[in-house]
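1. sharing a model that was predicted from the sequence below.
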Amino acid sequence: MDSTLACLAAWMPRQRWYSAKGRQPSLRLVGWWDPPTTTAVATEDDARVRTFLVADEGTLPEVLYQVPVVARPTASIDEASEHIIGSPEPGTTLLDGPFDPAFTSALLGLVTDGGQGTGPRTTALGHPHATVSTDGLVARVLSGEQSNTSLIYRRDDGVGPIICKLFRQLHPGLNPDIELQSALADAGSPHVPGAIGSIEGTWPDSATAGGSVTGSLAFAQEFLPGVEDAWRVALNAASSGDDFRAQAHALGAATADVHLSLAGLFPTQPATPEDRESTMVTWRQRLAIAIAEVPAIAARREAVEAVYARAAGTPWPAMQRIHGDYHLGQVLQVPDRGWVLLDFEGEPLRPMSERVRPDLALRDVAGMLRSFDYVAGSIGLGGADRPVDAVRAWAADARRAFVQGYAGRSGADLEDHSELLAALEVDKAVYEAIYESRNRPTWVAIPLAAITRLVDGPTPLL
Ligand SMILES: Nc1ncnc2c1ncn2[C@@H]1O[C@H](COP(=O)(O)OP(=O)(O)O)[C@@H](O)[C@H]1O
Ligand SMILES: O=P(O)(O)O[C@H]1O[C@H](CO)[C@@H](O[C@H]2O[C@H](CO)[C@@H](O)[C@H](O)[C@H]2O)[C@H](O)[C@H]1O
């Protein structure tokens, strides 16, 4: 067992989903679950599928990771495979589960047919949400920069594609990605993919002797094939100088639609003095972390605090459930359907307990406004042919059109909340500075420049 943990500890730091970049994990085994014996995997005798739940005690608070592995005889493995985790005992090799059909078929079976995976004081319960045919579906791992691991299941003829997201970091409670998107899809919103099923886990609670915790392990949705995400669409448009105003306007309207739906499906509440205080505390704590990790921000500390103080002195709209980490990469452009939103998990750097609370819908508006600036910033970083001023003008146009689309559909007058929106934009840029310094240090210049610009003279809304 120890050697399995040692294999995982050596391998995890190289994985995109591992959050403590640059540091070896200090792993404790919390539990594991094996798929039900009814799934296809049971018939493959030389593959053993096991999903480990391991806590990294080297971070505060500790992070609980979900790590599916497949053990196969070493003799049957291609040594050059990129998906080898290690060899815990002579003759056995552990492989990264999402790249092995024994795991991917077991996962799909649980999500679409139901059933229960089990291990010591650990279970994985499948909750099918829609009836789908899984005949002939073959899995591949979605490549790219992701906090989780997503598998796309499809047939050669393109029939029935499904995407199943395996949550890598586990938290108690229903994951907001499942909670919000399933509710929106069931209410008939065209702005999220259809829900197909999920897996709920129960594992030992490290905080209470003998206690257990229940939380989400995986979520499967309709996969929308052959579409581009809004980041790619916007980047192409900005690089070639194409007009993006109509698309940005429609994106603003779709965002407002989703906010209106969420406000109808989940409770809303007026922003109490306690809500304001806790938001201010979060803003200040985030600023302190950002200054510690990106010292250049220190020179702007007072100016940032002044923006926060101005926002605190204005009326706030009601709080409601929101997307929580809204940016262009979270939206797909789908022909004949319009903009479709994904990934309602909230900001990965924020504690889950905060992400599931009612929040300011303007936080999402601010997130998308920052994203238009990122388009310009990333083109600038890449040394593009287009003049910087032209790309900045493109971003300003997109910003205006998005705000108009949002205001038109929601009926909200954003000018009434411009101080609050400015503070949320600054807070998002502060978050991004932390995120980039940890994950993409060469991009940190984008949020840094934005902080300066935003505090020196707030960007006009329109
Ligand atoms: N239903 C879907 N249809 C098509 N593509 C999708 C779908 N869901 C996710 N994707 C693609 O997968 C990427 C990652 O998904 P996301 O939910 O944002 O994962 P993560 O939580 O790992 O960031 C998205 O940016 C999108 O390109
Ligand atoms: O998609 P995730 O939930 O993993 O979000 C995290 O990563 C994003 C980067 O992939 C990051 O977004 C930032 O970069 C985007 C361009 O790559 C840009 O469009 C966003 O506006 C910017 O915030 C996101 O902040 C982070 O939480």
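-> Noted; the coordinates are in hand. Ligands and ions are numbered 1, 2, ... in the order given.
2. next, the buried residues of the helix or strand hosting Gly109.
-> Per DSSP states H and E, Gly109 falls inside helix 101-113. Neighbour-count burial for helix 101-113 flags Ala102, Phe103, Thr104, Ser105, Ala106, Leu107, Leu108, Gly109, Leu110, Val111, Thr112 (criterion: 16 or more other Cβ atoms under 10 Å). All C-beta spots, glycine's among them, are computed from the backbone N, C-alpha and C.
3. likewise for stretch 254-271?
-> Ala254, Thr255, Ala256, Asp257, Val258, His259, Leu260, Ser261, Leu262, Ala263, Leu265, Ala271.
4. dump these to TSV, plus pLDDT, secondary structure and distance to Val340.
-> Listed next are those as TSV, based on pLDDT from 0 to 100; DSSP: H, G, I helix; E, B strand; the rest coil; distance: Cβ to Cβ, whole Å:
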residue	pLDDT	secondary structure	distance to Val340
Ala254	98	helix	8
Thr255	98	helix	12
Ala256	98	helix	15
Asp257	98	helix	11
Val258	98	helix	10
His259	98	helix	15
Leu260	98	helix	16
Ser261	98	helix	13
Leu262	98	helix	15
Ala263	98	helix	19
Leu265	98	helix	17
Ala271	96	coil	29
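5. circling back: give me the contact status of the helix holding Gly109 with ligand 1.
-> No - using Cβ under 6 Å from any ligand atom, helix 101-113 stays clear of ligand 1, coming no nearer than 13.9 Å.
6. stretch 16-30: which residues count as buried?
-> Judged by neighbour count (16+ other Cβ under 10 Å), stretch 16-30 contains these buried residues: Trp17, Tyr18, Ser19, Pro25, Leu27, Val30.
7. please disregard the earlier target; I meant stretch 132-148.
-> For stretch 132-148, by 16+ other Cβ under 10 Å, it's Val132, Thr134, Leu137, Ala139, Val141, Gln146, Ser147, Asn148.
8. so how far is stretch 175-191 from its chain's centroid?
-> Here stretch 175-191 is found 15 Å from its chain centre; the criterion is Cα atoms, centre = their mean, to the nearest Å.
9. average pLDDT across it?
-> For stretch 175-191, the mean pLDDT works out to 97.
10. which residues sit against that stretch?
-> 129, 165, 167, 192-195, 198, 215-216, 219, 221, 254, 257-258, 261-262, 264-266, 321, 323-324, 337-346, 355-356 (Cβ atoms under 8 Å, 6 or more residues apart in numbering).
11. what residues does the stretch 201-350 of the chain put near ligand 2?
-> Contacts of the stretch 201-350 of the chain with ligand 2, taken as Cβ under 6 Å from any ligand atom, map to Trp231, Asp325, His327, Leu328, Gly329, Asp343, Glu347, Pro348.
12. at 8 Å instead, please
-> Trp231, Asp325, His327, Leu328, Gly329, Gln330, Asp343, Glu345, Glu347, Pro348, Leu349 (Cβ under 8 Å from any ligand atom).
13. show me where the stretch 151-300 of the chain has its helices.
-> In the stretch 151-300 of the chain, the helices defined using DSSP state H, counting those that start in this stretch lie at 176-186, 230-240, 245-265, 273-293.
14. the closest residue to His171 other than its chain neighbours: neighbour count?
-> Closest residue to His171 apart from its sequence neighbours, by Cβ to Cβ, 6 or more residues apart in numbering: Met352 at 3.9 Å. Met352 has 17 neighbours, counted by other Cβ atoms under 10 Å.
15. ok, back up a step: got the contact list for the helix holding Gly109?
-> Residues outside helix 101-113 that contact it (Cβ under 8 Å, 6+ apart): 35-36, 38-41, 44, 47, 49, 51, 68-70, 97-98, 115, 117, 124, 126-128, 132, 134, 137-139, 151, 153, 162, 164, 166, 196-199, 218, 220.
16. looking at the residues of the stretch 201-350 of the chain next to ligand 2, which are in helices?
-> Among these, the members falling in helices (DSSP state H) are Trp231.
17. and the residues of the stretch 201-350 of the chain next to ligand 2, which are buried?
-> Looks like those have Trp231, Asp325, His327, Leu328, Gly329, Gln330, Asp343, Glu345, Glu347, Pro348, Leu349 buried, using 16+ other Cβ under 10 Å.
18. residue contacts, the first one?
-> Contact partners of Trp231, counting by Cβ under 8 Å, 6+ apart, are His327, Leu328, Gly329, Ser371, Val375.
19. report the buried residues of stretch 226-240.
-> Asp229, Ala230, Trp231, Val233, Ala234, Leu235, Ala237, Ala238, Ser239.
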